[in-house]
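Asks: Sequence and predicted structure are below.
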Amino acid sequence: MARGGGARLGHWVVSYTGMSADNIKGLLLAVSSSLFIGASFIVKKKGLKKAGASGVRAGVGGYSYLLEPLWWIGMITMVVGEIANFAAYAFAPAILVTPLGALSIIISAVLARIILREKLHIFGVLGCILCVVGSTTIVLHAPQEREIESVAEVWDLATEPAFLLYAAVVLAAAFVLIFHFVPQYGQTHIMVYIGVCSLFGSLSVMSVKALGIALKLTFSGMNQLVYPQTWVFVLVVIACIVTQMNYLNKALDTFNTAVVSPIYYTMFTSLTILASVIMFKDWDRQNPTQIVTEMCGFVTILSGTFLLHKTKDMVDGLQPNLPIRIPKHVEDDAYGSEEIPLRSAADGIPLRSPRSTEGIPLRSAPDGIPLRSLRGTESFRPTG
């Protein structure tokens, strides 16, 4: 009786959602993956902050976090989420699974506010909403993924000239970022670390999809482990994930979690969908209206990314043209070593310490005599 009720429920879900049973399984796995991954960002950053207090921070090349149990708890949580995500790719197309990472943005932002006491500017919230709306638009108009019957077929798609060109461009851009931009701008420009993660991530998802298909076919009775292509995809997955984790740790240790998560998600999702379109030729099976709608989704996501990037300084109370990172690692309560608030007056906190509100000139005349005091009630004129 219970089995019959479950079958009827499954048939109702399939009928009214228009999704296949495999797609529904992939959807549920992707949602659970976002829950674990979103929480892991916060737990890992707590571990990174704790390790940085007693050793060399990850943001400047240290690895003391490897000895911190809290970081490992976050890492295990992320691994569980990635396993669920890996399984989702075996049941549903990448263009459906990947955008669902938007849930991890909301989870990370909420937990960062509660646990890490990090603030996200109102325009940052709007940027998150734009990212979610753009991703939803892409999901609703995404093409159905082509049927793949063997890992050899995926290998043929991956070795076509179009995707080989894409892979070459991605690797070249990633190496330029690593060897040229990371040493100079990694500590002040959030897009450097996240760019490396996203570029390698787009290649890892294609390999994960191939590996998921191979395992799914193997469990169904068609052994794909005998093909050397399967093991090549395994090596690509390992290399890309190790690189992603290294630079993601640097990004989390250096910048605000509530900003890192949405930007990483947006870039990763955009590049993954682009890689999937090139490799699996999804747009060949769509009409111009569907393609334009998907492009609008991309523009919406990019708008959210721009808004988040421009308001990151507002999160830390710095002027727009100043670096997001404070040189000596300011604590979460926004006070430096001399108890002087660093957040902006927009948050209701003064920029100066109360003890420094009198007798400090704001401007000087050419001859060095102050024109106006901070109290704003006395004016001075240069003497002849």
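Replies: Alright, I've got the coordinates. Numbering: from 1, shown residues only.

Asks: so which strand or helix has C131?
Replies: In the assignment (DSSP states H and E), C131 maps to helix 122-140.

Asks: tell me the mean pLDDT over that helix?
Replies: Taken as a whole, helix 122-140 has a mean pLDDT of 79.

Asks: who touches it?
Replies: Outside helix 122-140, the residues that touch it by Cβ atoms under 8 Å, 6 or more residues apart in numbering are 95-96, 99-100, 102, 105-106, 109, 120, 258-259, 262, 265-266, 269, 273, 293-294, 296-308, 310-312, 314-315. For the C-beta atoms, the positions are set from N, CA and C on the backbone; glycine is no exception.

Asks: can you list the weak-confidence ranges in the stretch 151-300 of the chain?
Replies: Under the criterion of pLDDT under 70, the regions of the stretch 151-300 of the chain flagged as low confidence span 258.

Asks: which residues in it form strands?
Replies: Ranges of strands in the stretch 151-300 of the chain, per DSSP state E, counting those that start in this stretch: none exist.

Asks: where do the helices sit along it?
Replies: Assignment of helices within the stretch 151-300 of the chain using DSSP state H, counting those that start in this stretch yields the ranges 151-158, 161-176, 182-185, 190-219, 228-254, 257-280, 288-310.

Asks: By residue count, what's the longest helix in the chain?
Replies: Longest helix of the chain, by residue count under DSSP state H: helix 21-54.

Asks: just checking, next helix/strand downstream of that one?
Replies: Under the assignment DSSP H and E, the closest C-terminal helix or strand after helix 21-54 is helix 69-91.

Asks: between that following helix and helix 190-219, how big is the angle?
Replies: 50 degrees (axes from the mean of the first three to the mean of the last three Cα atoms, to 10 degrees).

Asks: before we move on, back to that, any idea of the mean pLDDT in the longest helix of the chain?
Replies: Across helix 21-54, the average pLDDT comes to 82.

Asks: Packing partners of it?
Replies: If contacts are counted by 3 or more Cβ pairs under 8 Å, 6 or more residues apart in numbering; DSSP states H and E, helix 21-54 sits against helix 2-17, helix 69-91, helix 94-97, helix 102-111, helix 228-254, helix 257-280.

Asks: now those as JSON lines including distance to Q187 and mean neighbour count?
Replies: JSON lines is the format used below for those (distance: least, Cβ to Cβ, whole Å; neighbours: other Cβ atoms under 10 Å):
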{"stretch": "helix 2-17", "distance to Q187": "46", "mean neighbour count": "10"}
{"stretch": "helix 69-91", "distance to Q187": "20", "mean neighbour count": "19"}
{"stretch": "helix 94-97", "distance to Q187": "33", "mean neighbour count": "24"}
{"stretch": "helix 102-111", "distance to Q187": "22", "mean neighbour count": "22"}
{"stretch": "helix 228-254", "distance to Q187": "6", "mean neighbour count": "19"}
{"stretch": "helix 257-280", "distance to Q187": "14", "mean neighbour count": "24"}
